[in-house]
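>>> build me a model from this:
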Amino acid sequence: MTKLVVLQLDGDLRETGFKVTLALGEEGQRPDVEVMGTLPPNPELAGCLQNHWQEKYAQLSLAYPHRIKPVKIDRLYPQERWIRIQKCQESALSLRHSFHMWLESETFIPIQICLREELRLEDNIRIIVQTGDRNVKKLPWHSWDFVRRYPKAEVALSSLGSYSPLPPATPKSRHVQILAILGQSEGVDIDRDRQLLESLPNAEVTFLVEPTRREVNDKLLGRDWNIFFFAGYSATEGNTGRLYINSEDTLEVRDLWYSLRKAIDRGLSLAILNSCDGLGMGQELEELGVPVSIVMSDIIPDRVAQEFLKYFLSAFSSNRPLYQSVREAREQLQALENEIPCASWLPIIYQNPAASTPNWSDLYRPELPTWKTSLIGKLESWIQKAKRLFSKKDEIDIWLKELEDTNENIRDRSAYKLGILGEDKAVPYLCKSLTRDRSDRVRWQIAMALGKIGSETAIPALCEALSDDSSNAVRLKAAEALGQIGQKNGQKNNHNK
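The predicted model follows:
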C-alpha cells in the first residue's frame, strides 16, 4: 500500500516564513496523522536560490543545445566551460546545504520526527508539497535527507487550495493513447523523443509535427487520450507557461482550456512536457484538473531531456509506479552531472492532490477471452448504475462547495459539472453565482449550466444577466439558456397534453 504525505507550506520564504501542516495516511483514505509546525523566513536561502538558477546554472546551461526560447547558445572554450562547471557545482552545494539547514529548524523538527516514526523504509511514499511560493518550488526537495533515506519516496508539487475528488479514469482502448506534439525544434534533436515514444509497448502514438493551434485543439477533442506529450521549445513568463508549437505560433494552457478539460473528463491522466522552464505550465495544468504532469523546472539541455525520457519511459512502461519511475530516471541523470551540474534537479512532478496517480497498466485494457469480456462488461454496467444511484447526491454537494472557491478554474469546472449532472438542486446556487461571480468565463459557464438543467426557476437570474451583465458573451449565453429553458418546458407541456 502506498503512503501519501501532504506537506502544506502557507506563507513565503523571504519575509513571513511558513505555517506548515503535515497530513499522513494510506493513499485513498483520510489522513491518520496530522501535525502542525512552522518554518522561519530565510531571505539568505532565497538569495542563494536566485543566484544559483539565474546566474551560475543559467550561464552554464546556455552553453549546451537546450529547449528554451529565445534560442541562444554560448560558445565557450574548454577552459572557460570547466570554470563555469566548477562554479555551478559549488553554488549547488551551497544551496543544498542552506536548504538542509532550513529544514533542520527547531520548529520543523516535530514534523521530521513524525515522518520517521510513521513510515518504514520499505513503504512506497508519495510526498506532495503544497505551496504558493515559487521559491519553494525551485528548491531541491529530492535532496531532502528524509527523501534520500527512504528509497521508495518521491516528491511532487501542488498549489494551495481545495480540490474535488477525481475518480480514476477507466481505460477504453486496448492500447495507451498518446498525443505527442513535436514543436519547433531548430537546433535540438526531438527525433530521439519520437523514437522513444514509438518503441513503447501497448501504445498507440499520434504525432503532430509543428502543428497549428487549430490542429492541436481539434486532435485533443477528436479522441480519448491517456497521455499528452510535448517536446520542443518552451518558456515561462511570470506564472504563464508557453509552448512553441511551430516557428510562428505559441500555446498557453488557457488557449486549450476547453479541449484539455474535455480530454480530462474522457481519461487524460498524464501530461509530459519534455521542454524548458515548465513550472508555470505545470501549475496551470494542475489547476485545470490534469491528474499528474511531469515538467522541467529550468533550462534543460537537450541531452538531459533525452536521457530522462529514455529512463522514465523504460521504468513506467514496465509498470513501475509513476513516482518511482521519475526517481529512478532522476538518479540516472546524476551520471551527467560532471558535465551538466544539477541535471537530476530538473524533473518535477505536479500532482492534483484529489486525483489518483496512474500506472502504465491502468491506461489500457488488456486483451481478454470473449466470455471474460462479456462478464466484465456486465459487471461494469452494474457498478456504474450503483455509483450513479448512491453517489450523485454527494457529487452535487462537492461541486456546489467548489462553486465558492477562490480559484477561477475550480469554479468554472464546478459550474460545468453541475450542468452535466442536471439537478434542480443546483439552480439556486448557480443563480446566486451568476449575479456575483467576477469572472466572465465562470458566469458564461454558469449560464450554460442553467440552460442544460432547464429549470424555470432560473429565468429571473438569466433575464437579469441578459440585460445587465457587463460581458457580451455572457449576455448571449444567457439568451441561449432562456431559449433552451423555453424549449424544454414547451416540450414538457405538449407531452402532458
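
>>> point out where the stretch 51-200 of the chain drops to low pLDDT.
Counting by pLDDT under 70, the stretch 51-200 of the chain has low-confidence residues at 61-77, 162-168.

>>> show me the strands in the stretch 151-300 of the chain, by range?
In the stretch 151-300 of the chain, the strands defined using DSSP state E, counting those that start in this stretch lie at 153-158, 176-182, 203-209, 227-231, 233-237, 240-244, 250-251, 270-274, 292-296.

>>> mean pLDDT lowest for which of those?
Among the strands of the stretch 151-300 of the chain, strand 233-237 carries the lowest mean pLDDT, at a mean of 85.

>>> re the thing from before, closest one to residue 333 among the strands of the stretch 151-300 of the chain?
strand 292-296 (11.1 Å; CB to CB). The way it works is simple: take the backbone N, C-alpha and C, and place the C-beta from them, glycine included.

>>> mind giving me the packing neighbours of the closest one?
strand 270-274, helix 279-288, strand 347-351 (3 or more CB pairs under 8 Å, 6 or more residues apart in numbering; DSSP states H and E).

>>> which strands or helices does the following helix or strand past that strand pack on?
Downstream of strand 292-296, the first helix or strand assigned by DSSP states H and E is helix 302-316. Applying 3+ CB pairs under 8 Å, 6+ apart, we find helix 302-316 packed against helix 191-198, strand 270-274, helix 322-333.

>>> ranking these by burial, who's on top?
strand 270-274 (a mean of 26; mean count of other CB atoms under 10 Å).

>>> using PDB, write out every CA atom in it.
C-alpha atoms of strand 270-274 as PDB (Å, rounded to 0.1, in the frame of the first residue of the first chain):
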ATOM      1  CA  LEU A 270      -0.700  12.400 -17.500                       C
ATOM      2  CA  ALA A 271       1.000  15.300 -19.300                       C
ATOM      3  CA  ILE A 272       4.700  15.200 -20.000                       C
ATOM      4  CA  LEU A 273       6.400  18.400 -21.100                       C
ATOM      5  CA  ASN A 274       9.900  17.500 -22.100                       C
END
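
>>> tilt between it and strand 227-231?
Strand 270-274 and strand 227-231 are oriented at 10 degrees to each other (axes from the mean of the first three to the mean of the last three CA atoms, to 10 degrees).

>>> what pairs with strand 270-274, parallel or antiparallel?
Sheet pairing here is set by DSSP bridges, and for strand 270-274 it gives strand 227-231 (parallel), strand 292-296 (parallel).

>>> make CSV out of the helices and strands packed on strand 292-296 and add distance to residue 241.
What follows is these, written out as CSV (distance: least, CB to CB, whole Å):
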stretch, distance to residue 241
strand 270-274, 8
helix 279-288, 3
strand 347-351, 11
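
>>> those: which one's closest to residue 420?
helix 279-288 (16.7 Å).

>>> quick one: the residue sitting nearest the centre point of the chain from residue 45, how far?
Geometric centre of the chain, nearest residue: residue 286, 3.1 Å, by CA atoms, centre = their mean. Distance check for residue 286 against residue 45: by CB to CB, to the nearest Å, it reads 25 Å.

>>> residue 116 is nearest to which of the helices and strands packed on strand 292-296?
Among the helices and strands packed on strand 292-296, strand 347-351 sits nearest to residue 116 (CB to CB), with 22.8 Å.

>>> now find how far off-centre that closest one is within its chain.
Relative to its chain's centre, strand 347-351 lies at 8 Å (CA atoms, centre = their mean, to the nearest Å).

>>> strand partners of it, parallel vs antiparallel please.
Strand 347-351 has its sheet partners listed here by DSSP bridges as strand 153-158 (parallel), strand 292-296 (antiparallel).

>>> picking up where we left off before, so which of the strands of the stretch 151-300 of the chain gets nearest residue 410?
strand 153-158 (13.2 Å).

>>> so residue 213 is in contact with residue 243, correct?
No - at 10.4 Å, residue 213 does not count as touching residue 243 under the criterion of CB atoms under 8 Å.

>>> so what's the residue count around residue 430?
24 (other CB atoms under 10 Å).

>>> just the element for it, please.
Judged by DSSP H and E, residue 430 forms part of helix 427-436.

>>> quick one: residues contacting residue 201.
For residue 201, the contacting residues are residue 317, by CB atoms under 8 Å, 6 or more residues apart in numbering.

>>> can you check residue 103 too?
So residue 103 contacts 39, 112, 144, 145 (CB under 8 Å, 6+ apart).

>>> what's the closest non-adjacent residue to the third one?
Counting by CB to CB, 6 or more residues apart in numbering, residue 103 is the residue found nearest to residue 144 once chain neighbours are left out, at 6.3 Å.

>>> quick one: that neighbour from residue 41, how far?
14 Å.

>>> and for residue 195?
Counting by CB to CB, the gap from residue 195 to residue 41 is 47 Å.

>>> for residue 273, same thing?
In terms of CB to CB, residue 273 sits 32 Å off from residue 41.

>>> go on, residue 33?
Distance from residue 33 to residue 41, by CB to CB: 27 Å.

>>> so which of these two has more stuff around it?
More neighbours surround residue 41 than the other of residue 33 and residue 41, with 16 against 13 (other CB under 10 Å).

>>> give me the pLDDT value at the nearest residue to the more buried one once chain neighbours are set aside.
Leaving aside its sequence neighbours, residue 41 sits nearest to residue 17 (CB to CB, 6+ apart; 4.1 Å). Per-residue pLDDT puts residue 17 at 97.

>>> picking that back up, what's in contact with the helix holding residue 430?
400, 403-404, 411, 415, 418, 442-443, 446-447, 449-450, 453, 455, 457-458, 460-462, 464-465.

>>> tell me the mean pLDDT over the next helix or strand after it?
From helix 427-436 onward toward the C-terminus, using DSSP H and E, the following helix or strand is helix 440-453. The average pLDDT within helix 440-453 is 93.

>>> which residues sit against helix 440-453?
With CB under 8 Å, 6+ apart as the criterion, helix 440-453 contacts 408, 411-412, 415-416, 418-420, 422-424, 426-427, 430-431, 433-434, 437, 458, 461-462, 465, 469-471, 473-474, 477-478, 480-485.

>>> ok, stretch 251-268 next?
Stretch 251-268 is contacted by residues 169-172, 213, 216-217, 220-221, 224-228, 240-243, 245, 281, 284-285, 288-291, 409, 413, 416 when judged by CB under 8 Å, 6+ apart.

>>> narrow the residues you listed to those that are buried.
169, 171, 216-217, 220, 225-228, 241-243, 245, 281, 284-285, 288-291, 409, 413, 416 (16 or more other CB atoms under 10 Å).

>>> state the number of residues packed around residue 47.
Residue 47 is flanked by 14 other residues according to other CB under 10 Å.

>>> tell me which helix or strand it sits in.
helix 43-51.

>>> in terms of secondary structure, what does that helix contact?
Taking 3+ CB pairs under 8 Å, 6+ apart as the contact cut, helix 43-51 packs with helix 78-103, helix 134-137.

>>> beyond the first one, next helix or strand please.
Beyond helix 78-103 on the C-terminal side, the first helix or strand identified by DSSP H and E is helix 109-118.

>>> could you give the angle of that following helix to helix 78-103?
Using the same axes, to 10 degrees: helix 109-118 against helix 78-103 is 90 degrees.

>>> quick one: helix 109-118 to chain centroid distance?
Using CA atoms, centre = their mean, the offset of helix 109-118 from its chain centre is 28 Å.

>>> I'm done for today, thanks for sticking with me.
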